[in-house]
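A.B. asks: Any chance you could fold what I've pasted below:
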Amino acid sequence: MPDETEVALVLLAAGRASRFGGGKLKASLGGKPLWKWATDAVNLAGFSRKVIVLRSGEVDIRPDADWIVVINARADEGLASSIRAGMSAIGPCTRVVVALSDMPFVSARHLKALKRKEGVVFTRHDDDRPGCPAGFPAAAFPELLNLEGDRGAAAIVSREASLLAPPDQVETRDIDTQDDLAQNQ
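C.D. replies: As a prediction, the model looks like this:
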C-alpha cells in the first residue's frame, strides 16, 4: 500500500464546456457550484497535495487555501495538456489520483480507495470501461507528463491496470450538458 501521506490529487477543470454552452463549473447543482462538489469530496478524502487545473478566464474559481491553482494556458490543446500541467505542480509524491471537476457524485470513499491501491487503477464505469478518477504510481508519472492530444490517461491502459468499481455507479456520472444537470437536480 502506498504511503498515504505522499499521495497527490489533480482535479482537471480546464475544459471548454462547449456541449454545456460554457460556464459549466459555476452552474448550480443542489445549491452549490459544480466544481465545489468535486473539491469537497477531495477535501474529505485527505490528500497530501491538491492541485486544480483551470483554464484562463476561470480565475474566480477558488477552492480552499491549501489547494494549488494552476492555470493551463494550453487548455485548447486538449485534456492531456491539463494532466501535464497538474502533474508539473504536484511536487514529490508516491502516487497521484486524477479526477474530473464535472463528476459531482464521486465520493471521498472512492477517492480514498484509489489513493490506497497500488499500480495503475481506473474507475470501472457502468459499461465496464476504464475511466476517471484514476490512480497512478510514481513509475507512471513520466507517461502522464508525456501525454498528448485530447485523450486522457486512458492511453496508459495498455499497462497492467486494474479497475475499481465505486460503491455506487451514480459516482461515474458526469455533467456534460444542460440536460445532464437538469436530470441530476
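
A.B. asks: Count the residues that sit near residue 139.
C.D. replies: Residue 139 has 12 neighbours, counted by other CB atoms under 10 Å. C-betas here are computed from N, CA, C, even on glycine.

A.B. asks: Look at it and tell me its secondary structure.
C.D. replies: Recorded secondary structure, residue 139: helix (DSSP: H, G, I helix; E, B strand; the rest coil).

A.B. asks: pLDDT wise, what is it at?
C.D. replies: What the model reports for residue 139 is a pLDDT of 92.

A.B. asks: Low-confidence stretches in the chain?
C.D. replies: For the chain, the stretches with pLDDT under 70 are 1-5, 17-21, 23, 58-61, 155-159, 177-178.

A.B. asks: Just the strands from it, written as ranges.
C.D. replies: Along the chain, the stretches classed as strands by DSSP state E are 7-13, 28-29, 32-33, 49-55, 67-72, 95-100, 120-124, 130-137, 161-164.

A.B. asks: For residue 144, which of these is the nearest?
C.D. replies: strand 130-137 (6.3 Å; CB to CB).

A.B. asks: Can you tell me which helices and strands the closest one packs against?
C.D. replies: The helices and strands touching strand 130-137, judged by 3 or more CB pairs under 8 Å, 6 or more residues apart in numbering; DSSP states H and E, are strand 95-100, helix 108-116, strand 120-124.

A.B. asks: tilt between the shortest one and strand 130-137?
C.D. replies: For the pair strand 120-124 and strand 130-137, the angle between their directions (axes from the mean of the first three to the mean of the last three CA atoms, to 10 degrees) equals 160 degrees.

A.B. asks: next one: strand 120-124 to chain centre, how far?
C.D. replies: On the basis of CA atoms, centre = their mean, to the nearest Å, strand 120-124 sits 12 Å off its chain's mean C-alpha point.

A.B. asks: Among the strands of the chain, which comes closest to residue 180?
C.D. replies: Of all these, strand 28-29 sits nearest to residue 180, with 9.9 Å by CB to CB.

A.B. asks: And the strands of the chain: which comes nearest residue 40?
C.D. replies: For the strands of the chain, the distance to residue 40 is smallest for strand 32-33, at 8.1 Å, taking CB to CB.

A.B. asks: What strands flank the closest one, and is each parallel or antiparallel?
C.D. replies: strand 28-29 (antiparallel) (DSSP bridges).

A.B. asks: hmm, who's touching the strand it pairs with?
C.D. replies: Residues outside strand 28-29 that contact it (CB atoms under 8 Å, 6 or more residues apart in numbering) are 34, 37, 104, 175, 181, 184, 185.

A.B. asks: Max pairwise distance over these: which two?
C.D. replies: 37 and 185, at 12.6 Å, using CB to CB across these.

A.B. asks: Overlap of the contact sets of the two?
C.D. replies: Listed as contacting both residue 37 and residue 185 by CB under 8 Å, 6+ apart are 29, 30.

A.B. asks: So for these two, which sits in the more crowded spot?
C.D. replies: residue 37 (19 against 8).
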